[in-house]
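Student: Quick one: sequence and predicted model below, then my questions.
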Amino acid sequence: MRKTTVILLAAALVACTSSAPRFEADPSANLAALERFGWHATPREPVTPQDSEILRKRTRASIGVALTGRGYAFDDAAPQFRIRSHLLVEHGAKKAPQFSIGLGKGSYGSSGGASVSVGGTTKVGKDQDALTLVIELRDAKTDELLFQGWREVSQRRIADPADKSLDLVVREILADFPTPQR
């Protein structure tokens, strides 16, 4: 019984602490039928200093490597879908989980208990900014959104070209995008 309780608590803690990528997809779109991608026009001027042209260029390169590695073909002249990405910046402190775990045994030996607490405010990003990388895949003809994935990121880690965190985040965001049927 005690071992099961500890395992359940550990699983709950892992589930709560993960900053998993999230996505949404158009249920009417046949995403698995897509094979060719191109780049969506992006405004030259970033909205914030964190969303720089350099970061966009690196993100585009990571997306290209991730998609071609999964069997997609880059074809900017005749794509089926176009991709764009941007970095959302939420200014100020952002709610983020803080955890505490308590395990105990009653003084009479027959009582025990466990608790997991989630709540609080944590600073995320630079100067308390929360950063979220968003990748959009849009129909090349209609510009309708087909798939959108996002994940919270650390400014410190994605700003450093030597750190491969950006490549990992891009792969995680696109993990739920199906591979071509071919």
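Tutor: Looks like it arrived, so ask away.
Student: which stretches of this structure aren't confidently modelled?
Tutor: 1-19, 21, 43-49, 92-129, 182 (pLDDT under 70).
Student: Now do the strands in it.
Tutor: For the chain, the strands defined by DSSP state E cover 22-25, 36-39, 73-74, 81-90, 94-105, 112-122, 130-139, 145-153.
Student: Direction included, what does the last one pair against?
Tutor: So that's strand 145-153. Note on strand 145-153: by DSSP bridges, its sheet partners are strand 22-25 (antiparallel), strand 130-139 (antiparallel).
Student: And the shortest one, what's buried?
Tutor: It stands for strand 22-25. 23, 25 (16 or more other C-beta atoms under 10 Å). Every residue, glycine included, has its C-beta placed from N, CA and C.
Student: Count the residues that sit near His40.
Tutor: Applying other C-beta atoms under 10 Å, we find 16 residues neighbouring His40.
Student: That one and Ile83 touch, don't they?
Tutor: Yes. Contact criterion C-beta atoms under 8 Å: His40 and Ile83 qualify, at 5.9 Å.
Student: Overlap in contacts, those two.
Tutor: Listed contacts common to His40 and Ile83 are 136, 138; contacts here mean C-beta atoms under 8 Å, 6 or more residues apart in numbering.
Student: so what's the nearest residue to Pro79 once chain neighbours are set aside bridging to?
Tutor: Spatial nearest neighbour of Pro79, chain neighbours left out: Gly38 (3.3 Å); criterion: C-beta to C-beta, 6 or more residues apart in numbering. Applying DSSP bridges to Gly38 gives these bridge partners: Arg82.
Student: Any idea how many residues pack against Gly38?
Tutor: 15.
Student: dump the residue contacts of it.
Tutor: Shown in contact with Gly38 (C-beta under 8 Å, 6+ apart): 74-77, 79, 81-83, 140.
Student: change it to 7 Å
Tutor: Counting by C-beta atoms under 7 Å, 6 or more residues apart in numbering, Gly38 makes contact with 75-76, 79, 82, 140.
Student: Just flag the most distant two among those.
Tutor: Asp75 and Arg82 (10.7 Å; C-beta to C-beta).
Student: Could you check which of those two is surrounded by more residues?
Tutor: Taking other C-beta under 10 Å, Asp75 and Arg82 do not tie; Arg82 has more neighbours (19 against 13).
Student: how close does the more buried one get to Leu137?
Tutor: Separation of Arg82 from Leu137 (C-beta to C-beta, to the nearest Å): 7 Å.
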